[in-house]
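> how would this look folded up:
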Amino acid sequence: MQSCQILELAFILCLTATPVYSQYYSKTLPYKSAKNKVTNLHFFFHDTLSGENPSAILIASPNITNKFQFGKAYAIDDPLTLGPEPTSHVIGNAQGFYLFSGKESSSLVSYYDLGFTEGEFNGSSFSLFSRNPVEDTERELAVVGGRGKFRSAEGFALLKTYYFNLTTGDAVVEYDVTLIHY
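Numbering: from 1, shown residues only. Down below sits the predicted model:
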């Protein structure tokens, strides 16, 4: 019994003699960004919903009919090319999805990872996640990350619709991208 009381007393002394101080943060230090490279890219994005080999497919559709396709979602694996022609040289692809999110306009929420398969940036990619008001002549999407030569990229993509077929939904979009990365 005495050994149990001695252990209890030792435990109580340890608790009272060892105050614990903690914080949820550490000292703030000045941040010097290592992001010092700026890369400008220009290419064309081919979104094909028609034909025997579409690059975009419907993956979800609402139970209601509406003018602006609100609620429809598409998965994509779209080619990226040097020129706007379908036969232009392929330099990579965009994989991801877009969702028609506008009730009163044709607006998308787009998430794509744009990966390059040729040239200086072969094996590298950057990601876009942004609202895409496709009815606007020019629009801007946010770059939210990257990998490979575009590691931790930030920046923006300026988009212009080069071609759009109202019947099929097929589109070619011109991309001018500014990336800031390591």
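
> Now do the contacts for the closest residue to Asp47 other than its chain neighbours.
In space, Asp47 comes closest to Ala171 once its chain neighbours are excluded; the distance is 4.7 Å by C-beta to C-beta, 6 or more residues apart in numbering. C-beta here means a position set from N, CA and C on the backbone, and glycine is covered the same way. Ala171 makes contacts with His46, Asp47, Thr161, Tyr163, Phe164, Asn165, as judged by C-beta atoms under 8 Å, 6 or more residues apart in numbering.

> which of the residues you listed are buried?
The neighbour count (16 or more other C-beta atoms under 10 Å) marks His46, Asp47, Thr161 as buried among the contacts of Ala171.

> Serialize the residues you listed to JSON lines and add fields for distance to Thr87 and secondary structure.
Output for the buried ones among the contacts of Ala171, formatted as JSON lines (distance: C-beta to C-beta, whole Å; DSSP: H, G, I helix; E, B strand; the rest coil):
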{"residue": "His46", "distance to Thr87": "11", "secondary structure": "strand"}
{"residue": "Asp47", "distance to Thr87": "16", "secondary structure": "strand"}
{"residue": "Thr161", "distance to Thr87": "20", "secondary structure": "strand"}
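
> List just the nearest of those residues to Gln95.
Asp47 (12.1 Å; C-beta to C-beta).

> That closest one reaches Ala75, doesn't it?
No: with contact defined as C-beta atoms under 8 Å, Asp47 does not count as touching Ala75 (11.5 Å).

> Distance check, the closest residue in space to Ser125 that isn't next to it in sequence against Val90.
Distances taken as C-beta to C-beta, 6+ apart put Gly115 closest to Ser125, at 3.8 Å, once the chain neighbours are dropped. Distance, Gly115 to Val90, using C-beta to C-beta, to the nearest Å: 12 Å.

> And Leu80, by the same measure?
From Leu80 over to Val90 the distance is 7 Å, taken as C-beta to C-beta.

> which of the two has more neighbours?
Set Leu80 next to Val90 and count neighbours by other C-beta atoms under 10 Å: Leu80 wins out with 23 against 14.
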